[in-house]
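Engineer: Sequence and computational prediction follow.
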Amino acid sequence: MTSDTLDARARELLAQMTLDERIHEMSGTTPLWRAIRELLIDYNFRAIPSGGCQRLGIPPLLFTDGPRGVVLYHSTCFPAAIARGATWDVALEARVGNAIGIEARAQGANLFAGVCINVLRHPAWGRAQETYGEDPYLLGEMGVALVRSVQQHLLACVKHFATNSIENARFKVDVTIDQRTLREVYLPHFKRCVDAGVACVMSAYNKLNGDYCGQNRTLLRDILKDEWGFDGFVMTDFFFGANDGKAAALGGQDMEMPLTRLFGKRLKALVESGDVPHSVVDEAALRILRQKLRFGTISDPQRYQFNKIDWQAHRALARETAQKAMVLLKNENPHPKSLSLMERDFNTTPEPPLHEGEGAGGEGRLLPIDLCHTRRIAVIGKLATARNLGDKGSSKVRPPYAVTPLQGIRAAAQSATVTYADGKDIEAALLTAREADVVIVVAGYGARDEGEYVFLFGGDRDSLTLKPHDEALIQAVAAANPRTAVVMIGGSAIVTDAWRDRVPALLMAWYAGMEGGHALADVLFGAVNPSGKLPCSFPSASARLPHFDKNADQIDYGYYHGYWLHEKEQQAPAFAFGYGLSYTRYRYHDLRVSASAIGKDDTLEVSIAISNAGERAGDEIAQLYAGIDDTTIDRPLKKLVGFQKLRLEPGETKRAVWQFSPSALATYDVERCNWQIEAGTYRLYAGASSRAEDVLTITLTVS
């Protein structure tokens with residue numbers, strides 16, 4: 001249907017509905033007793049209903065969650081969203097979204113609320129694993145890819161709108177933020193998804209400048225609906241997503257989930273008393289009806305039979321995604337005196353600029369592990385045998401199996417003897433390590449350490465480092481056997497200062513999903529060339545980070561975080577945003593722009609050549625950043641404005657090409673309530689990461 005046809009049909013249905021039926025559309029319909037049972041015992045075992053009118057043939061919405069996959073029954077568990085952010089691969093994310101959409105529909109859902117695009121403001125945030133990273137541009141690109149692909153099959157919902165990035169205090173914390181910071185840092189990615197046609201937006205629990213987000217008129221009505229033209233509906237976060245029925249309805253909230261607490265009879269009484277106009281209920285019901293009609297006839301229902309899903313293909317996709325998500329952070333010779341680190345040739349002359357990648361395999365580096373010459377492999381750490389898929393809150397997926405790191409390593413390394421020690425007894429672990437040709441230590445976090453705060457599980461981290469025992473274990477094992485690689489599991493940045501210099505190889509595996517163990521072995525043994533890049537900065541212990549208090553009643557959100565803050569403070573992180581190594585070398589050269597001067601409303605082409613100077617094929621993620629020299633506005637040195645993933649065979653050269661407009665660096669003028677583009681000298685940075693030594697630069701004039 002066209003939008004006009006949808007609207008006309010929705011209005012026809014609305015005209016036939018009673019006030020009770022219209023309010024019913026705005027209401028979650030789970031009985032209280034079932035909601036309590038599901039919250040405590042079997043949450044997300046079945047799709048959660050809302051609304052519906054049998055008399056008029058209007059179906060209910062049937063909600064399921066994410067984002068690791070569909071939380072119903074035995075769905076495919078993909079890597080956590082933060083891991084998928086590390087792929088920087090929108091085409092891959094679209095394939096994941098397509099699989100999620102098919103599985104959700106086949107299990108009876110018609111609304112998927114697993115598109116989490118909150119800014120990762122501080123690495124201690126417990127639910128960092130549910131989002132794509134720290135940068136608004138990356139969040140927007142990945143979020144749109146998931147929205148569009150899921151909505152080939154059912155409604156998608158983006159969350160949590162907005163400024164939600166503290167977990168333990170999520171129900172009470174008041175985020176104080178100025179309009180410019182809100183508009184430029186915490187909202188752009190939501191607008192990208194709205195512009196892409198997302199059906200639903202879920203409001204956040206927290207307060208924003210004194211008002212709960214679930215009833216915040218400025219956020220929901222003024223910005224989302226009126227300014228952005230959002231024609232979908234707004235849903236509360238579950239159970240406590242709104243605190244006052246009248247304020248919520250007037251503020252722009254369209255649906256209360258998963259049960260009726262403030263709407264229903266209470267809302268009807270407010271309408272009958274005149275405290276809430278009839279038009280408010282009509283608008284909310286119309287928005288919901290419009291989206292039901294929009295997605296009601298999307299595809300042949302026969303496509304969505306559970307027993308006809310190609311589960312093997314979806315699990316292969318989960319493995320591929322995990323392979324491409326893993327980030328090689330360090331890869332050196334375990335005997336530094338016998339081989340110097342790979343040279344990095346930075347030509348300081350304008351032509352020809354040359355940048356070489358670090359950490360290529362071979363040349364004595366520890367990874368990939370050569371199984372032809374490795375007979376004894378020691379795997380150490382209790383997480384090596386853990387079915388560790390991430391937190392156990394609303395995003396919990398229940399796959400039929402999960403491959404642990406040890407299982408994956410043993411399956412791939414059948415020609416070698418693989419021994420295991422859980423590491424609880426460090427002396428016993430050292431005996432295992434000393435007898436091995438190579439050691440793999442698996443350390444990090446699990447559902448008890450971080451995630452959605454559910455009773456005794458999850459919540460925000462108390463520390464950014466590994467547990468003291470794990471740090472001591474790594475240092476002792478590395479001293480006993482210098483051929484030690486550390487694999488880290490977690491949902492955000494980990495501070496590694498205490499032990500990083502003592503190990504030659506370091507790999508960030510995130511929460512890698514049900515096929516994670518196989519994917520890890522694929523990377524460790526070289527079947528796959530790692531290509532992941534960090535979607536968030538990994539700070540050093542001395543770095544200044546934004547203020548974070550997991551129990552805060554009130555907190556100020558400033559403009560700077562992540563790589564923006566590191567560069568403003570001139571503090572080098574341990575590992576920069578966009579950083580990641582490979583088993584081959586990539587050379588960046590010949591940065592070009594199609595014009596040296598443009599107007600504010602113009603667009604130009606930016607391109608850079610990337611050559612594979614190594615002996616392995618690989619995927620490289622080229623990144624484009626932009627900043628303004630001598631700016632009159634307090635702004636970051638540079639912002640991400642584009643990225644592109646290229647497949648390069650040995651000896652092959654390709655060009656990454658982007659379209660750049662000065663509007664990418666527009667700032668919000670609080671006094672004029674509009675966006676302004678600053679004239680002046682713009683600087684473009686293109687290369688392998690956000691680090692100064694990894695990019696080439698070129699300037700242009702914007703008049």
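Structural biologist: Sure, I can see it. Numbering: from 1, shown residues only.

Engineer: any idea how far residue 536 is from the nearest residue to residue 122 once chain neighbours are set aside?
Structural biologist: Spatially, and ignoring its direct neighbours in sequence, residue 122 is nearest to residue 548 (4.3 Å; C-beta to C-beta, 6 or more residues apart in numbering). The way it works is simple: take the backbone N, C-alpha and C, and place the C-beta from them, glycine included. Between residue 548 and residue 536 the computed distance is 14 Å (C-beta to C-beta, to the nearest Å).

Engineer: Can you list the low-confidence ranges for the stretch 201-350 of the chain?
Structural biologist: Along the stretch 201-350 of the chain, segments meeting pLDDT under 70 span 297-299, 336-350.

Engineer: ok so, going back, check the residue nearest to residue 122 and give its pLDDT.
Structural biologist: Residue 548 is assigned a predicted lDDT (pLDDT) of 97.

Engineer: Just give me the neighbour total for it.
Structural biologist: When neighbours are defined as other C-beta atoms under 10 Å, residue 548 has 17 of them.

Engineer: Alpha carbons only: can I get stretch 182-191 in CSV?
Structural biologist: Taking C-alpha atoms only, stretch 182-191 is exported to CSV below (Å, rounded to 0.1, in the frame of the first residue of the first chain):
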residue,chain,number,x,y,z
LEU,A,182,21.8,15.8,22.8
ARG,A,183,21.4,16.6,19.1
GLU,A,184,24.9,15.9,17.9
VAL,A,185,25.9,12.9,20.0
TYR,A,186,22.9,11.1,21.4
LEU,A,187,20.2,11.5,18.7
PRO,A,188,21.7,11.4,15.1
HIS,A,189,21.6,7.6,14.9
PHE,A,190,18.0,7.5,16.0
LYS,A,191,17.1,10.0,13.3
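
Engineer: pLDDT averaged over it, what's the number?
Structural biologist: The average pLDDT for stretch 182-191 rounds to 98.

Engineer: Now do the buried residues in that stretch.
Structural biologist: 182, 183, 184, 185, 186, 187, 188, 189, 190, 191 (16 or more other C-beta atoms under 10 Å).

Engineer: Select from the residues you listed every entry located in helices.
Structural biologist: The members of the buried residues of stretch 182-191 that map onto helices under DSSP state H are 188, 189, 190, 191.

Engineer: roughly how far out does stretch 532-541 sit from the chain middle?
Structural biologist: Centroid displacement of stretch 532-541 relative to its chain, using C-alpha atoms, centre = their mean, to the nearest Å, is 13 Å.

Engineer: What's the end-to-end length of that stretch?
Structural biologist: End-to-end distance of stretch 532-541 (C-alpha to C-alpha, to the nearest Å): 23 Å.

Engineer: I'd guess residue 175 is in a strand, am I close?
Structural biologist: Yes. Using DSSP: H, G, I helix; E, B strand; the rest coil, the assignment for residue 175 is a strand.

Engineer: Next one: residue 124 from residue 550, what distance?
Structural biologist: Residue 124 is 7 Å from residue 550, where distance means C-beta to C-beta.

Engineer: What are the phi and psi values at the closest residue to residue 324 other than its chain neighbours?
Structural biologist: Distances taken as C-beta to C-beta, 6+ apart place residue 87 nearest to residue 324, at 4.4 Å, with adjacent residues excluded. Backbone geometry at residue 87, expressed as degrees, to the nearest 10, gives phi -80, psi -20.

Engineer: so who does residue 87 touch?
Structural biologist: Shown in contact with residue 87 (C-beta atoms under 8 Å, 6 or more residues apart in numbering): 93, 321, 324, 325, 531, 532.

Engineer: let's see 10 Å
Structural biologist: Residues near residue 87 by C-beta atoms under 10 Å, 6 or more residues apart in numbering: 79, 93, 96, 132, 142, 320-327, 531-533, 535, 619, 621, 645.

Engineer: Now list the buried members of the residues you listed.
Structural biologist: By neighbour count, with 16+ other C-beta under 10 Å, the contacts of residue 87 hold 79, 93, 96, 132, 142, 320-327, 531-533, 535, 619, 621, 645 as buried.

Engineer: In helices only, show me the residues you listed.
Structural biologist: Counted as lying in helices by DSSP H, out of the buried ones among the contacts of residue 87, are 93, 96, 142, 320, 321, 322, 323, 324, 325.

Engineer: could I get those as JSON lines with distance to residue 228?
Structural biologist: Shown next, in JSON lines, are those (distance: C-beta to C-beta, whole Å):
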{"residue": "93", "distance to residue 228": "23"}
{"residue": "96", "distance to residue 228": "26"}
{"residue": "142", "distance to residue 228": "20"}
{"residue": "320", "distance to residue 228": "35"}
{"residue": "321", "distance to residue 228": "31"}
{"residue": "322", "distance to residue 228": "35"}
{"residue": "323", "distance to residue 228": "37"}
{"residue": "324", "distance to residue 228": "32"}
{"residue": "325", "distance to residue 228": "31"}
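
Engineer: Can you tell me which of the residues you listed is closest to residue 369?
Structural biologist: Nearest to residue 369 among these, counting by C-beta to C-beta, is residue 323 at 15.7 Å.

Engineer: Please report how far that closest one lies from residue 103.
Structural biologist: Relative to residue 103, and taking C-beta to C-beta, residue 323 is found at 21 Å.

Engineer: can you check residue 240 too?
Structural biologist: For residue 240, the distance to residue 103 - C-beta to C-beta - is 29 Å.

Engineer: These two: which is more packed in?
Structural biologist: residue 103 (25 against 14).

Engineer: Residue 150 contacts residue 157, doesn't it?
Structural biologist: Yes. Counting by C-beta atoms under 10 Å, residue 150 touches residue 157, with 9.3 Å between them.

Engineer: Mutual contacts of those two, please.
Structural biologist: With C-beta under 10 Å, 6+ apart as the test, residue 150 and residue 157 both reach 66, 111, 112, 114, 115, 198, 199.

Engineer: ok so the fifth one is a strand residue?
Structural biologist: Yes. Remark: residue 115 belongs to a strand, assigned using three-state DSSP.

Engineer: Could you list the domains of this structure?
Structural biologist: Here the domain assignment for the chain is 3-308, 322-568, 586-702, based on automatic domain parsing.

Engineer: Start and end of the shortest one, how far apart?
Structural biologist: In domain 586-702, first residue to last residue: 31 Å (C-alpha to C-alpha).

Engineer: Report the mean per-residue pLDDT for that domain.
Structural biologist: If you average the pLDDT over domain 586-702, you get 97.

Engineer: and that domain, how far out from the chain's middle?
Structural biologist: Mean C-alpha position of domain 586-702 versus that of the full chain (C-alpha atoms, centre = their mean) differs by 22 Å.

Engineer: And for the longest one?
Structural biologist: The gap between the average C-alpha position of domain 3-308 and the chain average comes to 17 Å, counting by C-alpha atoms, centre = their mean.

Engineer: again, but for stretch 529-537
Structural biologist: Its chain's C-alpha centre and that of stretch 529-537 lie 12 Å apart, by C-alpha atoms, centre = their mean.

Engineer: Make a markdown table out of the buried residues of stretch 182-191 and add distance to residue 641.
Structural biologist: Formatted as a markdown table, the buried residues of stretch 182-191 follow (distance: C-beta to C-beta, whole Å):
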| residue | distance to residue 641 |
| --- | --- |
| 182 | 20 |
| 183 | 17 |
| 184 | 13 |
| 185 | 15 |
| 186 | 18 |
| 187 | 17 |
| 188 | 12 |
| 189 | 14 |
| 190 | 18 |
| 191 | 16 |
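
Engineer: ok, those vs residue 205, which is closest?
Structural biologist: Using C-beta to C-beta, those come closest to residue 205 at residue 186, 15.2 Å.

Engineer: Pull up the gap between the closest one and residue 419, please.
Structural biologist: Per C-beta to C-beta, residue 186 is found 49 Å from residue 419.

Engineer: Which stretches in the stretch 601-703 of the chain count as helices?
Structural biologist: Using DSSP state H, counting those that start in this stretch, the stretch 601-703 of the chain contains no helices.
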